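Asks: Output the structure for:
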Amino acid sequence: MGLFGGGDSSPKPATEPSSVFPADSPGAKMGSVELKHQIMKEFAEGFAVAHAKQLIGKLNNTAFSRCVMNPSSSLSGSESACVTACSEKYLAAFNIVGQEVVKHAQAGKINAIGLL
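Replies: Numbers count the residues shown, from 1 in each chain. The predicted structure is shown next:
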């Protein structure tokens, strides 16, 4: 008789948790470290795509608001030149900031969520 009058109190053997992957999937064949790296890689790729979309959106909004005073079906020559110059400056600044972030990350001054 078990505790408090219940059923069998003998210990049950521990069972391995079942995998969340089907037996024939690549995830089922990976070790936990490889799986962790794969998940991190996929997350980073997704983050990069989302970040690029955000960058393009900000670039479009900034260039349009600064360069296109009278929207029409096409850009004038001066509007086109302005959009090009604005885009180049925006991307140059973005690259400089990105390089500094990488330097700080490599130096251990920041972590994945910001400054230490």
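Asks: Look through this protein and tell me its longest helix.
Replies: The single longest helix within the chain, with elements called by DSSP state H, is helix 32-67.
Asks: Show the backbone phi and psi for Leu75.
Replies: Per-residue torsions, Leu75: phi -90, psi 140 (degrees, to the nearest 10).
Asks: Ser73 now?
Replies: Note on Ser73: its backbone torsions stand at phi -70, psi -20 [degrees, to the nearest 10].
Asks: Please read off the pLDDT at it from the model.
Replies: Looking at Ser73, its pLDDT reads 92.
Asks: ditto for Leu3
Replies: 47.
Asks: just Glu16 next, same as before
Replies: Reported pLDDT for Glu16: 49.
Asks: thinking again about what came up before, what comes up buried for the helix or strand following the longest helix of the chain?
Replies: Next along the chain after helix 32-67, taking DSSP states H and E as the criterion, comes helix 77-106. Within helix 77-106, the residues scored as buried using 16 or more other Cβ atoms under 10 Å are Glu79, Cys82, Val83, Cys86, Ser87, Tyr90. Using the backbone N, CA and C atoms, a C-beta is placed for each residue, glycine as well.
Asks: for the chain, which spans come out with low pLDDT?
Replies: For the chain, the stretches flagged by pLDDT under 70 are 1-30, 110-116.
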